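**Student:** Pasting the sequence and the predicted model now:
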Amino acid sequence: MNDAISFRPMTEADLDEVLKIEFAAFSHPWTRGIFSDSLKSYHCWLMFEGQQQVGHGVIQVILDEAHLLNITVKAQSQGRGLGLKLLEHLMRQAHGLGAKDCFLEVRASNQGAYRLYERFGFNEVGRRRDYYPGVGGREDALVMVCPLFD
């Protein structure tokens, strides 16, 4: 049975579950403080499969430029196309808020995410040296951009 995918804005009350998903998915997850601050300044979304929270994302829109700050799919739910559905939702939101392009940074080692972004239409436009904390030091970020259309 295929449970329907739905989305709703994130609230402070959602942060316990958001952090569970975030901490299980990343070696250097966002903290509660980062999410709390994001709720005040950015557009934060949750993704559900049926009643189950399976992902979240955070976008920032300034004038006609969006920045994808966080996109996370629950570890157990990965590999089933949910990341693409979440990305599509976030890009629709950004476009609806007037963004013409969306930028993001991705860890150079995160091939799964890189392929997802590429499949959606993002192109690599640069590199930020030592951008991310890593297990054995720091890691470069690849900068990607995608034009947003209807």
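**Tutor:** It's in.

**Student:** What are the boundaries of the strands in this structure?
**Tutor:** With strands called from DSSP state E, the chain shows them at 5-9, 43-49, 52-62, 65-73, 101-107, 123-134, 137-147.

**Student:** Report all helices and strands that the first one contacts.
**Tutor:** Right, the one you point to is strand 5-9. strand 43-49, helix 82-96 (3 or more Cβ pairs under 8 Å, 6 or more residues apart in numbering; DSSP states H and E). Every C-beta, even on glycine, is put in place using the N, C-alpha and C of the backbone.

**Student:** With distance to L69 and mean pLDDT as new columns, can these be given to me in CSV?
**Tutor:** Converted to CSV, the helices and strands packed on strand 5-9 look like this (distance: least, Cβ to Cβ, whole Å; pLDDT from 0 to 100):
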stretch, distance to L69, mean pLDDT
strand 43-49, 9, 98
helix 82-96, 10, 97
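
**Student:** Now render these as JSON lines, adding mean neighbour count and distance to A66.
**Tutor:** Output for the helices and strands packed on strand 5-9, formatted as JSON lines (neighbours: other Cβ atoms under 10 Å; distance: least, Cβ to Cβ, whole Å):
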{"stretch": "strand 43-49", "mean neighbour count": "20", "distance to A66": "9"}
{"stretch": "helix 82-96", "mean neighbour count": "19", "distance to A66": "4"}
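
**Student:** V73 is nearest to which of those?
**Tutor:** helix 82-96 (4.9 Å; Cβ to Cβ).

**Student:** Who does the spatially most central residue of the chain form a beta bridge with?
**Tutor:** The centroid of the chain falls nearest to I71 when counting by Cα atoms, centre = their mean (1.6 Å). Applying DSSP bridges to I71 gives these bridge partners: G57.

**Student:** That one contacts G83, correct?
**Tutor:** Yes. The pair I71 and G83 passes the contact test of Cβ atoms under 8 Å, sitting 6.9 Å apart.

**Student:** Which neighbours do these two have in common?
**Tutor:** Common neighbours of I71 and G83, counting by Cβ atoms under 8 Å, 6 or more residues apart in numbering, are 55, 113.

**Student:** Output stretch 56-71 as CSV - backbone C-alpha positions only.
**Tutor:** As requested, C-alpha coordinates have been extracted for stretch 56-71 and formatted as CSV (Å, rounded to 0.1, in the frame of the first residue of the first chain):
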residue,chain,number,x,y,z
HIS,A,56,12.1,18.0,6.5
GLY,A,57,13.6,20.9,4.6
VAL,A,58,14.6,24.5,5.1
ILE,A,59,14.7,27.2,2.5
GLN,A,60,15.7,30.8,2.6
VAL,A,61,14.4,33.3,0.0
ILE,A,62,15.9,36.7,-0.4
LEU,A,63,14.4,38.8,-3.2
ASP,A,64,14.6,36.5,-6.3
GLU,A,65,17.2,34.1,-4.9
ALA,A,66,16.5,30.9,-2.8
HIS,A,67,19.0,29.0,-0.8
LEU,A,68,18.3,25.3,0.1
LEU,A,69,19.7,25.2,3.7
ASN,A,70,18.6,21.7,4.8
ILE,A,71,17.0,18.7,3.2
